[in-house]
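>>> got a predicted structure here, sequence first:
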Number of protein chains: 2
Amino acid sequence: MRDFGPVEMARRNYIFTTIRDTFRLFGYEQLETPAMENLSTLTGKYGEEGDQLLFKVLNSGEFLKKVNDTAFKSGETAVLPLLSEKGLRYDLTVPFARYVVMHQNEISFPFKRFQMQPVWRADRPQKGRYREFYQCDADVVGTDSLICEAEIIAMIKRVFAAFGLADYSIHLNNRKILSGIAEVAGAAGMEAELCVAIDKLDKIGRERVEEELYQKGFSQEAVAVLAPVLEASERSNGEWLDFLKAFLANSVVGSTGLKEVEEVLSFLTLLGEDTRFLTLDPVLARGLSYYTGAIFEVKVSGVGVGSVSGGGRYDNLTGVFGLPDISGVGFSFGVDRLYDVLDALNLFPEAQNEGTRVMLAHFGAEERKQAMAYLAAFRRAGIAAEIYPDLAKIKKQFNYADKKNIAFVAILGAEELANGTLGLKNMVSGEQETLSLEEAISRLQG
Amino acid sequence: MRDFGPVEMARRNYIFTTIRDTFRLFGYEQLETPAMENLSTLTGKYGEEGDQLLFKVLNSGEFLKKVNDTAFKSGETAVLPLLSEKGLRYDLTVPFARYVVMHQNEISFPFKRFQMQPVWRADRPQKGRYREFYQCDADVVGTDSLICEAEIIAMIKRVFAAFGLADYSIHLNNRKILSGIAEVAGAAGMEAELCVAIDKLDKIGRERVEEELYQKGFSQEAVAVLAPVLEASERSNGEWLDFLKAFLANSVVGSTGLKEVEEVLSFLTLLGEDTRFLTLDPVLARGLSYYTGAIFEVKVSGVGVGSVSGGGRYDNLTGVFGLPDISGVGFSFGVDRLYDVLDALNLFPEAQNEGTRVMLAHFGAEERKQAMAYLAAFRRAGIAAEIYPDLAKIKKQFNYADKKNIAFVAILGAEELANGTLGLKNMVSGEQETLSLEEAISRLQG
């Protein structure tokens, strides 16, 4: 787990603010849920591996009280429920589903919420993977309108434009298209296996993908039918649409998926969004078991960082908590990966520095007194300002300002004190001017 | 533990933003530390009760592996270190101290940091006390300049002024004054007992306070010497200064404390801050064992909420982690209590609503298409906007806007569609106008 110092915090806040402003512009409202949830809420939602990766919190007070000899001898499975009733949030989706069910009578649907909070996973730490990391999720539940899908794409575009990110691609698919492809190949219900194999096309090549399909139980005939899907990685969006219209003609579910994709595209046009950043990707899967409609994934080119955002539509998020048939669609930004991308492409603005704009340096106690009056005046003018608090050598004071990346130092010596001025030094250019307080304020506000 | 819905989040964000802006204006930089710390970092820092209230996290993987029969039979004290190596952050001070020691070679002292993060305590939940709550701390370490104390008072005043809070008092004391008072009473080193007793003056009256002092081992003579301190709850700041100057004349430590208080007052004057909200309170103690200089506490009148902010100077925060002799001073805002105060006094601004400013309602599919173009235009103008995503009865659409407290609804019907206009309804006044898109934008930006 990591500490974030001032520079990292300023950069992370820049990312959070950009995302939050976009969510709000689109009418999403913020929600926060507690770090700890009942283990009964969390377990069984993330697969067996997920259950292993949940951080469990020891019951407070006499935590061994309920653990008798028999339980202790039976081992961890028997002991765990006696030791621990709470776990740390593993993602933002399950707590959101729990919230929707719990507050269903106060919520006016469609409910558009966003959430930006840390989550915890007991993963083995490795490069780019942390045990504590932030997720930024936006979801809308209680409507199946495909306007929501179009708006998610518009939000991603807005965030990336704000970051100055130009070379990226929003991959779009629909679970129903995947189902249709499997159906057409005579392998209805096997879209999961299909996707896992096809996902490796880039890495292992077509021949070995076909091998894997055979191993997974696809017939020779099925693989032959799939051939045009496998060879088509370079189709344009229009070519894909034409191809799928024919390929899926006999699949009801596939054709429905295709119509949904076309409707999302037409809503994007109504919103005035060009579709330049959009890539139809009929073999994009992600957490397939979960999604029932649109599937998104965003990839940035040329930085060797995986997907930075993704999501999709689901039809039964809240069913497991007793509220069935609530359709929703959501997506998530990966803050750590976005950080790495912006860092690699040198896209953090210099002005994201949230720190002090001017530090007051002084040659002695009398100068420090005058400096304090100037300090207060700077702050009243909204300028982030500080004074070197101790009586110290001027070099030491400048070193401090330099290390803290403070843009300006205002210097008070005997002469400035006598003349009612201050020396304002630009720490980047090295230039220094003698100014009145008012002149300094207007220079610092500029 | 609590969920925070959209309204609470908007209000909490208002509090956080106000405090953060002030911290930044004064040159404090943000820091974040992880939710989990090693238990060895946390235990022994908060007293025995604090150790009990730490949330401990079960080791991941085979958590029982190290727990053998012998340990199990010896009970919780033997088992705990085998089960759990990490705990949840109990406050922001200890992680900050750990950070300073760990990063001492990168930090340029004096180090001014602020931190706004949740902390967790396994307290029995009760009204106004939660197991998860936010703290907002600012500290400066590596200087003993009393300018820092004056700036803390100035920051508190700025935050309260921004909130529109007028009826409050910043209580100021100095540990050395307390030491001096005990010394003068012939009870040197007993300032802790003295304060616990005197703290109850308002509640139990002077007679019973004197009783308690006897019980704590103060002599009859000591209590007689203390009489003028006990009877003096209504002294003005000037009267206290005069009184203490005489009372502490023979105590070196007491006189030093008094001089420090006077210096803080003079720095406040240099900053142009009136001292109207400041109350000298020579019996204010707070976590006494910890503070070595100034002690602050802020009380709001007439709302029945305890202290909303407090802090003080310490000389050995980092000593326990191996870095001695670092003096610092810090304070903390209690977000939950501030929330209760602002709520009770009706001081949350209406405009703290971070939600949608205008919702587009439509009478059918064609109108919805046009509405989407307007929607995009609103957002391009920076206006938080959303569209009712489904084709639904207009009443249902209005109900949604109403429940979500959206200020304006833009209505698209057949007539508006034909004329290229929209109907803009103010949801508070009920007024409705027919406007062009440009007119609507300028109305909504106003």
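Looks like it came in fine.

>>> so what's the residue in the stretch 251-400 of chain A that chain B sits nearest to bridging to?
Evaluated by Cβ to the nearest Cβ, the stretch 251-400 of chain A has A:E386 as its residue closest to chain B, separated by 3.0 Å. Every C-beta, even on glycine, is put in place using the N, C-alpha and C of the backbone. Using DSSP bridges, the beta-bridge partners of A:E386 come out as A:M359.

>>> could you pull out the helices for the stretch 1-150 of chain A?
For the stretch 1-150 of chain A, applying DSSP state H, counting those that start in this stretch gives helices covering A:6-25, A:39-42, A:47-53, A:69-74, A:76-83, A:93-102, A:147-163.

>>> and of these, who's closest to chain B?
Nearest of the helices of the stretch 1-150 of chain A to chain B, taken as Cβ to the nearest Cβ: helix A:6-25 at 3.7 Å.

>>> just the angle between that closest one and helix A:147-163, please?
140 degrees (axes from the mean of the first three to the mean of the last three Cα atoms, to 10 degrees).

>>> turn the helices of the stretch 1-150 of chain A into CSV, including distance to A:W240, mean pLDDT and mean neighbour count.
Listed next are these as CSV, based on distance: least, Cβ to Cβ, whole Å; pLDDT from 0 to 100; neighbours: other Cβ atoms under 10 Å in any protein chain shown:
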stretch, distance to A:W240, mean pLDDT, mean neighbour count
helix A:6-25, 28, 95, 19
helix A:39-42, 39, 95, 18
helix A:47-53, 31, 89, 13
helix A:69-74, 55, 90, 12
helix A:76-83, 48, 92, 16
helix A:93-102, 29, 95, 21
helix A:147-163, 16, 97, 23
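
>>> A:Y214 is in contact with A:A197, correct?
No. A:A197 is beyond contact range of A:Y214, at 9.6 Å (criterion: Cβ atoms under 8 Å).

>>> of the two, give the one with the bigger neighbour count.
A:A197 (24 against 13; other Cβ atoms under 10 Å in any protein chain shown).

>>> how far away is the more buried one from chain B?
According to Cβ to the nearest Cβ, to the nearest Å, A:A197 and chain B sit 32 Å apart.

>>> so what's that residue closest to, chain neighbours aside?
The spatially closest residue to A:A197, leaving aside those adjacent along the chain, is A:E212, at 4.3 Å (Cβ to Cβ, 6 or more residues apart in numbering or on different chains).

>>> got the contact list for that neighbour?
The contact partners of A:E212, by Cβ atoms under 8 Å, 6 or more residues apart in numbering or on different chains, come to A:196-197, A:200.

>>> please apply the same query to A:A373.
With Cβ under 8 Å, 6+ apart, A:A373 has these contacts: B:270-272.

>>> swap the cut-off to 7 Å and go again
A:A373 is in contact with B:270, B:272, counting by Cβ atoms under 7 Å, 6 or more residues apart in numbering or on different chains.

>>> so which bits of the strand or helix carrying it are buried?
Applying DSSP states H and E as the criterion places A:A373 in helix A:365-380. Neighbour counts over helix A:365-380 (16 or more other Cβ atoms under 10 Å in any protein chain shown) mark A:367-372, A:374-379 as buried.

>>> redo those residues as CSV? Include pLDDT and distance to A:I181.
Formatted as CSV, those follow (pLDDT from 0 to 100; distance: Cβ to Cβ, whole Å):
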residue, pLDDT, distance to A:I181
A:E367, 97, 77
A:R368, 97, 75
A:K369, 97, 78
A:Q370, 97, 77
A:A371, 97, 72
A:M372, 97, 72
A:Y374, 98, 71
A:L375, 97, 68
A:A376, 97, 69
A:A377, 97, 69
A:F378, 97, 65
A:R379, 97, 63
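
>>> now narrow the residues you listed to whatever sits close to chain B.
Restricting these to those near chain B by Cβ under 7 Å from any Cβ of the partner chain leaves A:369, A:372, A:375-376, A:379.

>>> pLDDT below threshold where in the stretch 101-250 of chain A?
Low-confidence segments of the stretch 101-250 of chain A (pLDDT under 70): A:232-233.

>>> tell me the residues on it that lie near chain B, please.
So the stretch 101-250 of chain A meets chain B at A:103, A:108, A:110, A:118, A:120, A:122, A:132, A:143, A:145, A:147-148 (Cβ under 7 Å from any Cβ).

>>> top of these by number of neighbours, please.
A:C148 (27 neighbours).

>>> in three-state terms, label the residue positioned nearest the centre of chain A for me.
Nearest to the mean C-alpha position of chain A, counting by Cα atoms, centre = their mean, stands A:F333 at 2.0 Å. Three-state call for A:F333 (DSSP: H, G, I helix; E, B strand; the rest coil): strand.
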